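# structure here, sequence nowhere to be found:
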């Protein structure tokens with residue numbers, strides 16, 4: 001049964017397994033170290049012995065944890081106390097739900113009233129909470145204090161919670177831990193990670209199965225040609241062992257080591273610094289992406305708002321003309337200071353057509369008053385907090401608000417001279433350019449809601465007693481509220497096309513009688529039991545008529561650097577980009593336009609909110625009639641469509657040039673990725689930076705995490721971690737493309753190497769009456785696939801068809817790869833035919849030229865085989881690297897040097913003869929020259945696309 005030495009079987013197999021196991025173990029170890037680092041963050045815990053430090057991994061349910069400003073909340077907690085004077089705190093939740101707005105949270109009333117935080121340990125109380133669930137927007141519970149008389153019961157809602165993965169934006173808070181580990185809301189919203197196997201690896205596995213089938217067929221044919229004589233079943237096993245080289249056992253090792261090289265090259269690329277490869281098993285996937293799913297906040301945008309435009313109808317002020325606004329404001333206040341009575345008289349006389357300065361002043365004042373921003377003073381080392389608050393110290397002031405847009409507006413009014421210096425529940429203080437404090441009393445405030453899309457405030461100017469109702473909101477609702485004008489719609493459209501978030505600001509002066517009448521009706525409506533919200537809305541709407549349009553403001557959510565050219569590159573490469581965000585519809589649409597995700601010529605179809613099957617059917621029919629149109633859809637509508645019309649919706653969405661899904665839950669993002677994979681069969685890549693993107697990143701064929709300001713959650717869960725979105729272009733166009741093409745060439749070469757020697761064995765056995773006798777024995781077999789040919793073949797991982805600059809300049813080259821041509825059944829068949837041709841030529845050539853000296857057949861055929869392999873590598877290489885030349889020469893030297901030790905297989909004296917040399921040269925030329933000629937003709941008459949660029 002045995003054919004040759006045993007070590008020729010177990011050494012290659014052992015080596016293959018060892019390399020694979022070591023690589024996987026190294027990755028697991030790195031993953032473990034990363035998790036350990038995250039779980040070792042230190043927090044303060046309140047105990048009877050005082051404050052102690054505790055690791056985040058040791059926090060348990062019932063612990064009282066102190067969380068500082070800008071620190072991440074380690075577990076789901078109930079909010080008990082805050083250091084803020086106003087008795088509330090702001091939370092940044094963009095890592096949990098993708099929303100840019102800060103959220104206001106309120107502590108439990110009875111615990112906030114306690115004199116100090118340590119008193120929390122003296123009271124006897126308990127929290128009743130619902131069982132853990134996936135809903136991050138709702139919570140039901142009660143807080144009961146038993147040691148008071150009577151016991152105090154307080155209901156708890158979402159406003160009293162601090163979910164893990166959020167960040168405290170103001171003050172220091174104390175909370176009691178409610179859920180930990182797998183019961184956290186953020187963890188329940190992430191799906192279990194799957195083990196990713198690359199499409200390329202699956203294709204190679206498929207080819208290996210075909211080769212196994214070929215091995216069985218060849219063995220059966222050999223036995224059949226012997227007419228199944230004698231113990232033929234044993235002969236089958238002997239032939240299976242004899243032709244086992246057909247299955248390229250070293251392919252796995254070569255590909256695994258290739259992946260390590262690709263990962264090393266990506267990490268070392270100076271053009272994309274800070275890039276980390278966390279999963280080295282799938283770099284080839286980067287070369288075949290058809291759909292890119294990206295988050296918005298922190299991935300495409302920096303989440304930093306900048307005031308860009310003030311439009312007054314007849315005149316617009318951009319960033320470059322803000323000094324004019326400043327001079328208008330300055331002139332108004334200096335005029336007032338010099339000659340107050342004259343100004344009053346003047347303002348009455350020019351009521352019909354006010355001067356430019358006063359129009360600008362009215363607009364700026366409205367923006368400075370109509371908002372929910374609170375200025376907070378912090379000690380800066382030089383000035384303490386109380387003193388800073390008393391003197392309105394500029395260097396110590398920080399603005400807090402639920403929306404970054406509002407902060408941008410207030411910061412802008414400060415830059416032009418009107419500064420918000422103080423605010424509480426009932427009053428607002430502004431500082432004029434001259435340093436005077438202007439006091440306003442807040443009479444009513446109507447907060448912004450997603451339904452109303454506007455906010456209003458009624459204030460009384462303390463110096464004049466004038467009552468003014470200011471309002472700002474989205475153009476769609478404000479158009480019907482303001483007085484008739486001919487410019488609002490057009491200018492809103494112009495600003496929206498530039499990717500600006502537009503707000504319309506208006507005002508209405510009220511007399512004391514008008515306000516008293518309104519207040520009486522408003523209080524009455526708020527007391528009603530039935531249809532309260534409807535009655536309150538009706539009363540407010542009675543004020544919202546014929547308002548004076550003051551201005552439009554344009555705020556831009558700044559994009560990450562080079563987002564537009566990167567998205568254009570991806571589009572030209574044939575990759576469709578979908579944006580999945582937890583943010584609002586208007587914001588998402590603005591960003592899509594601003595980033596040129598939707599080109600200027602494309603229409604946008606905003607999918608109406610649908611709640612049932614009928615509505616979804618009608619809306620899908622309306623969408624079906626649109627062509628080359630980007631789709632914007634909200635998470636709720638998406639859920640309804642997927643429930644009833646999954647197939648139809650996905651078919652229509654996949655035809656869109658771009659898709660924007662807003663108000664998406666984390667699990668919904670993962671669901672979209674999964675549906676794209678199932679419906680299209682194409683490869684997907686997901687990019688995100690927050691904890692809410694982890695599910696999507698883990699579900700996609702390729703997950704890329706952007707290491708942003710908001711921690712490393714996405715970056716740690718991803719297969720690849722980058723520092724900026726723009727690096728994605730190079731990662732796909734250059735590294736993805738190279739990895740895929742190199743692995744394809746490498747795998748085909750390893751298969752060719754195995755098939756060549758198997759063909760020679762088949763020819764040898766056929767000539768000698770189908771005997772199961774090995775052609776090469778012992779070390780020759782192991783040496784052939786290791787030291788003699790391994791280095792040149794493996795050096796193909798350094799080959800590239802075009803320079804990286806060309807690959808970036810012509811993303812259309814990437815589009816060619818999406819068809820999967822570098823490794824297909826066609827190319828596989830071509831390489832099989834080449835192998836059969838070369839194996840046959842070498843063996844028959846050796847038999848033909850060495851009739852008299854049959855003993856030397858091993859020496860001649862083996863030498864020709866080695867030379868043919870080295871020449872074939874040289875033929876395949878497109879760009880020579882110095883290491884490739886070294887590999888070729890090293891392999892040849894190793895073979896020549898080892899001949900001294902191989903005297904039991906090869907006659908050393910015979911090799912030195914001239915006869916041997918010319919015969920080997922002829923055989924090698926016949927096996928390789930026709931292929932060189934064919935390659936030259938093909939390059940000449942049917943060149944590949946990349947060669948047209950390099951010639």
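Done, it's in. Bear in mind that the values here come from a model prediction, so they are computed numbers and not experimental data.
# in three-state terms, label the residue most central in space within the chain for me.
By C-alpha atoms, centre = their mean, the chain has its centre lying nearest to residue 687, at 1.3 Å. What DSSP: H, G, I helix; E, B strand; the rest coil gives for residue 687 is strand.
# please tell me I have it right and it contacts residue 298.
No. Using C-beta atoms under 8 Å, residue 687 is not in contact with residue 298; the gap is 10.7 Å. Quick note: C-beta positions are derived from backbone N, CA and C, even for glycine.
# overlap in contacts of these two?
residue 706 (C-beta atoms under 8 Å, 6 or more residues apart in numbering).
# which residues touch residue 144?
With C-beta under 8 Å, 6+ apart, residue 144 has these contacts: 125-128, 151-154.
# distance of the residue nearest to the centre of the chain from residue 656?
19 Å (C-beta to C-beta, to the nearest Å).
# ditto for residue 221
Counting by C-beta to C-beta, the gap from residue 221 to residue 656 is 53 Å.
# go on, residue 227?
Computed as C-beta to C-beta, the residue 227 to residue 656 distance reads 65 Å.
# the two - which one has more neighbours?
Under the criterion of other C-beta atoms under 10 Å, the comparison of residue 227 against residue 656 puts residue 656 first, with 19 against 9.
# show the backbone phi and psi for the more buried one.
phi -70, psi 140 (degrees, to the nearest 10).
# okay, now the closest residue in space to it that isn't next to it in sequence: neighbour count?
Spatial nearest neighbour of residue 656, chain neighbours left out: residue 631 (4.8 Å); criterion: C-beta to C-beta, 6 or more residues apart in numbering. By the measure other C-beta under 10 Å, the count of residues near residue 631 is 22.
# tell me which element residue 631 is part of?
Assigned by DSSP states H and E, residue 631 belongs to strand 629-634.
# partner strands of that strand and their direction?
If you go by DSSP bridges, strand 629-634 pairs up with strand 603-606 (parallel), strand 658-662 (parallel).
# return the most buried member of those.
strand 658-662 (a mean of 25; mean count of other C-beta atoms under 10 Å).
# after that one comes which helix or strand?
Next helix or strand after strand 658-662 toward the C-terminus (DSSP H and E): helix 666-680.
# for that next one, packing partners?
strand 289-294, strand 576-580, helix 635-644, helix 646-655, strand 658-662, strand 683-688, helix 694-699 (3 or more C-beta pairs under 8 Å, 6 or more residues apart in numbering; DSSP states H and E).
# quick check: buried residues in it?
Using 16 or more other C-beta atoms under 10 Å as the burial criterion, the residues of helix 666-680 that qualify are 666-677.
# a markdown table for the residues you listed, including distance to residue 605 and pLDDT?
Shown next, in a markdown table, are these (distance: C-beta to C-beta, whole Å; pLDDT from 0 to 100):
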| residue | distance to residue 605 | pLDDT |
| --- | --- | --- |
| 666 | 25 | 84 |
| 667 | 25 | 86 |
| 668 | 20 | 91 |
| 669 | 21 | 92 |
| 670 | 25 | 92 |
| 671 | 21 | 93 |
| 672 | 18 | 95 |
| 673 | 22 | 95 |
| 674 | 24 | 94 |
| 675 | 19 | 95 |
| 676 | 19 | 95 |
| 677 | 24 | 94 |
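# the stretch 851-951 of the chain: helices as residue ranges?
Taking DSSP state H, counting those that start in this stretch as the criterion, the stretch 851-951 of the chain contains helices spanning 857-876, 882-898, 908-911, 914-941, 945-950.
# can you list the neighbours in contact with the second one?
By that I understand helix 882-898. With contacts defined as C-beta under 8 Å, 6+ apart, helix 882-898 is touched by 783, 787-792, 794-795, 798-799, 863, 866, 870, 873-874, 877.
# out of the strands paired with strand 629-634, nearest to residue 233?
strand 658-662 (59.8 Å; C-beta to C-beta).
# now do that closest one: distance to the chain's middle.
15 Å (C-alpha atoms, centre = their mean, to the nearest Å).
# could you do stretch 119-138 as well?
Its chain's C-alpha centre and that of stretch 119-138 lie 34 Å apart, by C-alpha atoms, centre = their mean.
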